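Peer 1: Show me how the following folds:
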Amino acid sequence: MITAGVDLAAQPERTAIAVIEWSAGRAAIKEAASYGDDQTILHVIRQAAKTGIDCPFGWPDAFVLFVTEYHAHRVDVPASRPGSRRNLTMRRTDVVVHDRLRLTPLSVSADRIAHVAFRCADLLAQLEAIAGPVDRAGTGPVAEVYPAASLRSWGLTHNGYKKKTATDILNGLVDHFLDQVPWLDCGTYEQDLRRSHDMFDAVIAAMTARAVAIGQVLLPTADELTTATSEGWIMIPRKPISALL
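Peer 2: Numbers count the residues shown, from 1 in each chain. Model prediction:
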C-alpha cells in the first residue's frame, strides 16, 4: 500500500509532501519534498491509496449561512444565533478534537489558515474534475488530517517544535518518533525531517492516512456525517502508532 501526506501551505514553497510504502512488517519513506505545486500534489494523490492533507476541507456551516445572509442584507442580530461566534469559528470536527484531545485547531473562518483553505478548496475542485466527487468526510482518496491531533493520540510531543528556534525540540521529537517506529525506513530523508517541521508534518500526515486506510481512526457518527460532508472531518487515530503495521 502507498499512502501520502501533504502539509499544505498557501504557496508551493512551503508545501511539503511525503510518500510512504507499506509492506509486511515494514514501511519506507519513498519520497519527500519541501516544494509542492498543484500538479505534483494531484499526481501523488492519484498514485496513493489514501492521502492525508493537513488543511481544513471546509468552513463551518453556520459561517457559510451567516456570510450568505449578510451578503443579502438579511442579518438582523447575529449575536442572537445559537452558539453565537463559536458556531461561526468552529466546525463540528474542531469541537470533537477539542473535547477529546484538548487541542483547538486553527479556525478556518477566523485565522490565517483560511489562506491555505482557499488553495485546498481549489485543489479538491481540480481533483473532482479528474476523479469525481470528493468526500470531505474522508472516505475517498483524500482525508483531512491534523498532525498535532495524530501526535497527541500516539503519545508524542505535539507543540513547540514549529518555532524557528526550536531545532532541539524538533530533533528530540524525531528521535522519539523513530524510537516508536523502528520498522520505518527513512532512507535518505531522516535529516530532512530534522531540518523541516513541514517535512515532518507531511510524514505524520502520510502515517495518519495509513490509519484512515485500515480503519484505525475516529469516524463521524450518523448524526455528524451530514455536517462532515460539507465542513470536513479531522481524522483522529484511535490505536497506537505501532498498530499501523
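
Peer 1: D192 touches A32, doesn't it?
Peer 2: Yes: counting by Cβ atoms under 8 Å, A32 is a contact partner of D192 at 5.6 Å. Backbone N, C-alpha and C define where each C-beta goes, glycine included.

Peer 1: Those two - which one has more neighbours?
Peer 2: Between D192 and A32, counted using other Cβ atoms under 10 Å, the more crowded position is A32 (24 against 21).

Peer 1: Quick check: buried residues in the helix or strand hosting that one?
Peer 2: Taking DSSP states H and E as the definition, A32 sits inside strand 26-33. Neighbour-count burial for strand 26-33, with 16 or more other Cβ atoms under 10 Å as criterion, is recorded at 27, 29, 31-33.

Peer 1: Over to stretch 129-139?
Peer 2: So for stretch 129-139, counting by 16+ other Cβ under 10 Å, buried means 134, 136-139.

Peer 1: got a list of contacts for it?
Peer 2: Applying Cβ atoms under 8 Å, 6 or more residues apart in numbering, the contact partners of stretch 129-139 are 42, 46, 57-58, 124, 127-128, 140-142, 144, 212, 217, 219-220, 225, 228-233, 235.

Peer 1: chain center to the lowest-mean-pLDDT helix or strand in the chain: distance?
Peer 2: One helix or strand of the chain scores below all others by mean pLDDT, DSSP states H and E: helix 85-89, with a mean of 88. Here the centre of helix 85-89 is set off from its chain's centre by 21 Å, with Cα atoms, centre = their mean, to the nearest Å.

Peer 1: Convert the C-alpha atoms of that helix to CSV, please.
Peer 2: Extracted as CSV, the C-alpha positions of helix 85-89 are listed here (Å, rounded to 0.1, in the frame of the first residue of the first chain):
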residue,chain,number,x,y,z
ARG,A,85,-19.5,33.4,17.3
ARG,A,86,-18.4,29.9,18.4
ASN,A,87,-20.6,28.4,15.7
LEU,A,88,-19.1,30.8,13.2
THR,A,89,-15.5,29.9,14.0
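
Peer 1: So which bits of the helix or strand containing V64 are buried?
Peer 2: Taking DSSP H and E as the criterion, V64 maps to helix 61-71. By 16+ other Cβ under 10 Å, the buried positions in helix 61-71 come out as 61-63, 66.

Peer 1: counting contacts, what elements does that helix pack onto?
Peer 2: helix 85-89, helix 222-231 (3 or more Cβ pairs under 8 Å, 6 or more residues apart in numbering; DSSP states H and E).

Peer 1: for this structure, which spans come out with low pLDDT?
Peer 2: Along the chain, the model assigns pLDDT under 70 to residues 76-83.

Peer 1: Now do the helices in it.
Peer 2: In the chain, the helices defined using DSSP state H lie at 38-47, 61-71, 85-89, 92-101, 113-131, 147-153, 167-180, 190-195, 197-213, 222-231.

Peer 1: As CSV, those with distance to D7 would be great.
Peer 2: Converted to CSV, the helices of the chain look like this (distance: least, Cβ to Cβ, whole Å):
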stretch, distance to D7
helix 38-47, 11
helix 61-71, 24
helix 85-89, 23
helix 92-101, 18
helix 113-131, 10
helix 147-153, 8
helix 167-180, 14
helix 190-195, 12
helix 197-213, 4
helix 222-231, 21
